[in-house]
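>>> Return atomic coordinates for the entry below.
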Amino acid sequence: MLNWINILVVIVLTSFATMFAMGNQIQVQIHFLGVSSTSMPLYVPVFVAFLFGFAGGVLALSFSRRKHKQEITWLRKEHEHLQKEVENLRNIPLQDDV
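Predicted coordinates for the structure are as follows:
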């Protein structure tokens, strides 16, 4: 079921991107920090900006995910340590005060 949803989303997004590209064929020239580009269709810099943003988001997400994985590993080790401590405390014989 989920694979069909993924395929449908990809088809819809590809269709929107194609319609956007077909509707924005106007030639533009980019000037940035004293550097000029050649003339290109408007959709090219828009797609490039989108890809840079997407790559930045993936990079930020990967750092966040790495941090959380390290925290999970630390918490699992701490849990094992505490479980052993509880088990050791359970095995200590009870002594009555006589």
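
>>> need the strands for the protein, in chain order.
In the chain, the strands defined using DSSP state E lie at 27-28, 31-32, 35-36, 40-41.

>>> quick one: contacts of the third one?
It stands for strand 35-36. Gln29, Ile30 (CB atoms under 8 Å, 6 or more residues apart in numbering). For every residue, glycine as well, the C-beta is placed using N, CA and C.

>>> Partner strands of it and their direction?
Within its sheet, and counting by DSSP bridges, strand 35-36 is paired with strand 31-32 (antiparallel).

>>> what's around Phe20, how many residues?
If you count neighbours by other CB atoms under 10 Å, Phe20 ends up with 13.

>>> Could you tell me the per-residue confidence at the residue nearest to it when sequence neighbours are not counted?
Leaving aside its chain neighbours, Phe20 sits nearest to Tyr43 (6.0 Å; criterion: CB to CB, 6 or more residues apart in numbering). On pLDDT, Tyr43 comes in at 87.

>>> In contact with Tyr43, which residues are there?
Phe20, Ala21, Asn24, Gln25.

>>> who's in contact with the third one?
Applying CB under 8 Å, 6+ apart, one finds that Asn24 lies in contact with Pro41, Leu42, Tyr43, Val46.

>>> I figured Ala21 hits Met40, correct?
No: the criterion here is CB atoms under 8 Å, and Ala21 misses it with Met40 at 11.8 Å.

>>> returning to that earlier point: redo the contacts of Asn24 as a markdown table? Include distance to Glu80.
Output for these, formatted as a markdown table (distance: CB to CB, whole Å):
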| residue | distance to Glu80 |
| --- | --- |
| Pro41 | 58 |
| Leu42 | 57 |
| Tyr43 | 54 |
| Val46 | 51 |
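
>>> Any of these buried? List them.
The neighbour count (16 or more other CB atoms under 10 Å) marks Tyr43 as buried among those.

>>> Please enumerate the helices of the chain.
2-23, 43-91 (DSSP state H).

>>> what about those helices, which gets the closest to Ile30?
helix 43-91 (5.7 Å; CB to CB).

>>> If anything else comes up later, I'll come back, but that's it for now.
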